[in-house]
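Colleague: Build me a structure from this.
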Amino acid sequence: MPLSGSNKLANGTAENYRRAIWTLLWIVLSACPVFAGPPFHTDDPEPVAFHHWEAYLFATADRAKDGRTYQVPAWELNAGAAPNLQLHLVIPLAYFRAPGERGAYGVGDVETGIKYRFVSETLTRPQIGIFPMLEVPSGSVSRGLGNGRAWARLPVWIQKNIDGWTTYGGAGWIVNRASGMRSHPFGGWLLQRAINKRITLGGEVYSESTQGLDLPAFAILTFGGYYNVNEHFSILFNAGRQVAGEPHTIGYFGLYWTWGPDK
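Modeller: Numbers count the residues shown, from 1 in each chain. Okay, here's the model as predicted:
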């Protein structure tokens with residue numbers, strides 16, 4: 001049956017109302033940065049958007065049997081160099097103190113990397129990418145601030161968003177031929193949820209096999225998240241400890257900025 005004039009007007013008003021609601025929701029959601037990777041060990045396949053930038057100022061702590069290691073402060077910079085392609089750089093100042101010895105502080109190993117997403121996410125398919133990293137031996141190995149030789153991480157990461165939840169993880173191989181070290185596998189998985197437009201919380205399990213002499217395998221369980229102060233600035237945090245293997249107590253605290261062309 002054809003609609004009357006009043007029914008057409010009512011339907012048109014309802015349709016405009018629905019469009020306004022969806023537009024408002026899109027604006028709110030797009031204003032919230034969506035993290036994966038920091039502050040967790042487990043990473044993700046999602047690169048920084050093309051022509052966009054991310055910057056982190058952060059500190060980490062790792063208390064293990066062989067000593068205490070801190071990065072404070074450290075800087076991370078990520079750039080969307082092309083669609084589905086991200087360039088990555090971390091420059092840390094590191095502190096290390098072995099049991100019963102004096103601590104040392106200075107430049108640590110510089111981290112570089114390229115993240116490439118080769119499968120995009122759909123309603124039924126996860127996104128998949130690689131994130132190879134090269135650690136440049138810029139830290140002093142004699143003072144415990146560096147590896148002494150370049151080494152690499154070669155992971156594959158996968159991610160899926162489901163009804164407000166985000167889950168991602170994967171595995172890879174660390175190639176490390178420095179003295180006393182050995183190449184070994186690693187992997188992790190994370191689940192997180194946006195509590196509201198400002199707060200997201202999550203937890204991960206991350207593990208590495210035997211890393212070298214006096215560095216046995218371990219698995220850690222951590223919890224953390226981030227607080228979005230506004231669309232361009234957030235606070236990140238994470239803490240946890242080992243659930244298997246070598247004792248580790250870890251923590252992360254960081255400040256995050258993002259910028260780039262408006263959508």
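Colleague: Beta-bridge partners for Y256, please?
Modeller: Going by DSSP bridges, Y256 is paired in beta bridges with Y56, S234.
Colleague: In contact with it, which residues are there?
Modeller: With contacts defined as Cβ atoms under 8 Å, 6 or more residues apart in numbering, Y256 is in contact with P33, F35, P38, E54, A55, Y56, Y226, F233, S234, I235, L236. Heads up, the C-betas are built off the backbone N, CA and C, glycines and all.
Colleague: before we move on, what SS does E121 have?
Modeller: Per DSSP: H, G, I helix; E, B strand; the rest coil, the local secondary structure of E121 is coil.
Colleague: Of the contacts of Y256, which is the most crowded?
Modeller: Y226 (24 neighbours; other Cβ atoms under 10 Å).
Colleague: Which stretches in the stretch 101-250 of the chain count as strands?
Modeller: Per DSSP state E, counting those that start in this stretch, the stretch 101-250 of the chain carries strands over the ranges 104-107, 110-119, 127-130, 133-136, 151-162, 165-175, 184-194, 199-208, 218-230, 233-245, 248-259.
Colleague: ok, the second one: who's next to it in the sheet?
Modeller: Think strand 110-119. strand 85-97 (antiparallel), strand 127-130 (antiparallel), strand 133-136 (antiparallel).
Colleague: Next: the fifth one.
Modeller: The pairing partners recorded for strand 151-162 under DSSP bridges are strand 127-130 (antiparallel), strand 133-136 (antiparallel), strand 165-175 (antiparallel).
Colleague: Give me the angle between it and strand 184-194.
Modeller: 30 degrees (axes from the mean of the first three to the mean of the last three Cα atoms, to 10 degrees).
Colleague: Mean confidence (pLDDT) on strand 151-162, please.
Modeller: For strand 151-162, the mean per-residue pLDDT is 97.
Colleague: one step back: between the strands paired with strand 110-119, which gets nearest to G169?
Modeller: Closest approach to G169 among those (Cβ to Cβ): strand 127-130, 11.5 Å.
Colleague: coming back round to it: turn the strands paired with strand 110-119 into TSV, columns for mean neighbour count, mean pLDDT and distance to D66.
Modeller: Shown next, in TSV, are the strands paired with strand 110-119 (neighbours: other Cβ atoms under 10 Å; pLDDT from 0 to 100; distance: least, Cβ to Cβ, whole Å):
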stretch	mean neighbour count	mean pLDDT	distance to D66
strand 85-97	19	97	10
strand 127-130	20	98	31
strand 133-136	18	98	18
